[in-house]
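Undergrad: When you get a sec, could you give me coordinates for this:
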Amino acid sequence: MVEIRGIAFQDNTDNDMGLEFFNLSHRFGFQCPNWPYFKDVQIDRKHYMAKSGVLSQTITTTMHVTTHIDAPAHVVQGTPFIDEVPLPHFFGTGLVVSIPKKKWEQITGDDLEKACGHAIRKGDVLIINTGWHKQYEDGDYFAYCPGLVPSAADWMIANKIKVVGHDTQANDHPLATAIGPQRNGPILPHLEQEYLEWSGGTPWEVDFPEWEPVHNMLFSQGILGIENVGGDLDAVTGKRCTFAFFPWNWDRGDGCIIRLVAMIDRGQQYRIEAGESF
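TA: Next up is the predicted model:
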C-alpha cells in the first residue's frame, strides 16, 4: 500500500492483482510544454472549497499536448475520427525498444529492424525510446528532436503493427512539419540556416520534401500514433508489455490526451473475466 495525502491506495507495483503498472505519460497541466503554434493550456477554478465546498475546474486545450494519440482524421481527410476507431486499437501487447537518437537524427526502417525485427509480432503496439523524453521542455524538445521518416513507416506497415508510440514531438521528423518548411511553416524560421550548417550544406526542403509523410502513410493504413511518450519509459525499455491507452468517446475528435500505461504480469495469475453471469 502507499499513502497519498493521508489516504491508502494500492501501489503501482505491489497490489492485490499481482500486476505492475508503469505510467508512460507526461503530466498535463498549467504551462505544460506545448507545440509551437498552439495556444497555451488554460485551467480555471470555477468552484473551490472556500466558495462552494467542492473543486471544479474548466480546461481550454488542444488535444495535441502532452502524451496523446492522434486520430487518422487529424491529418488524413476522410479517415476515422477518434470515437470511430474500435476499442481493440487502444489496448494490446507489444514492445518498448531503445533507439537512441540525438538532435535532428532520423528514425529509420533499418533502426527498427535492428532494434526489434527478431521480436516484433503482427498487431503489436510498438513504443520507441530515443532518450528524447528527458529533454521534455518548451525549448529544444520540439525544435530539435529526432523523428520518424518514411522508411520507418514502410517497416511498420510491412510488419503490421497496430500502434506506434515514441518520445518525440510528432509522428514525423519536426522538419517535415510546420516547424520546418511544410504547409503553414516555417513557424521557427531561424532553424533554416541552423539546419543548413548542421547538415553540411543540404537545405532542409531537400531532406524533408513532403509534409508529414509518416502521418499520412500510417494513418492511411489504420496505424495510430502516440506522441510525447515519457514517464517511466526507461523502466520498461527492452521488455514486452501489455498496454492500455483509451481516449475519450469524443464525437469527431481529432485525437486525445491519454494516460499510456504499460503492465507486466510476472506471476501470470491475473486474468480478464470470462463474462459469466452472476
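Undergrad: Kindly confirm my reading that Lys134 is in a helix.
TA: Yes: under DSSP: H, G, I helix; E, B strand; the rest coil, Lys134 falls within a helix.
Undergrad: tally of neighbours for it?
TA: By other Cβ atoms under 10 Å, 12 other residues sit near Lys134. Every residue, glycine included, has its C-beta placed from N, CA and C.
Undergrad: how close does it sit to His26?
TA: Lys134 sits at a distance of 11 Å from His26 (criterion: Cβ to Cβ, to the nearest Å).
Undergrad: Lys39 now?
TA: For Lys39, the distance to His26 - Cβ to Cβ - is 18 Å.
Undergrad: With neighbour numbers in mind, choose between the two.
TA: Neighbours per residue, other Cβ under 10 Å: of Lys39 and His26, the larger number sits with His26, 22 against 10.
Undergrad: wait, what's in contact with the residue lying closest to that one once chain neighbours are set aside?
TA: In space, and not counting its chain neighbours, His26 is closest to Gly230: 4.1 Å by Cβ to Cβ, 6 or more residues apart in numbering. Applying Cβ atoms under 8 Å, 6 or more residues apart in numbering, we find Gly230 in contact with Leu24, Ser25, His26, Thr67, His133, Tyr136, Asp167.
Undergrad: Likewise for Gly94?
TA: Neighbours of Gly94 in contact, by Cβ under 8 Å, 6+ apart: Arg121, Asp124, Val125, Leu126, Ile127, Ile161, Lys162, Val163, Arg240, Cys241, Phe243.
Undergrad: repeat that with 10 Å
TA: When contacts are counted by Cβ atoms under 10 Å, 6 or more residues apart in numbering, Gly94 touches 116, 119-121, 123-127, 161-165, 240-243, 262.
Undergrad: Likewise for Gly225?
TA: By Cβ under 10 Å, 6+ apart, the contact set of Gly225 is 68-72, 74-75, 148, 153, 156, 163-166, 170-172, 214-215, 218-219, 255.
Undergrad: Give the closest residue to it in space, chain neighbours not counted.
TA: Nearest non-adjacent residue to Gly225, counting by Cβ to Cβ, 6+ apart: Asn171, 3.9 Å away.
Undergrad: quick one: the one you found and Ala153 touch, right?
TA: Yes: between Asn171 and Ala153 there is a contact at 8.7 Å, judged by Cβ atoms under 10 Å.
Undergrad: and for those two, which residues touch both?
TA: Shared contacts of Asn171 and Ala153, defined by Cβ under 10 Å, 6+ apart, are found at Val164, Pro213, Val214, His215, Asn216, Met217, Leu218, Phe219, Ile223, Gly225.
Undergrad: and which of those residues is nearest Glu84?
TA: Phe219 (12.7 Å; Cβ to Cβ).
Undergrad: Let me know the distance separating the closest one from Val229.
TA: Phe219 sits 18 Å away from Val229, going by Cβ to Cβ.
Undergrad: and if you look at Met1?
TA: Plainly put, Met1 is 28 Å away from Val229 if you go by Cβ to Cβ.
Undergrad: Comparing the two, which residue is more hemmed in?
TA: Per other Cβ under 10 Å, whichever of Met1 and Val229 has more neighbours is Val229, with 26 against 8.
Undergrad: quick one, what contacts that one?
TA: Neighbour list for Val229: 24-26, 67, 96, 127-130, 132-133, 136, 164-168, 245, 260, 262 [criterion: Cβ under 10 Å, 6+ apart].
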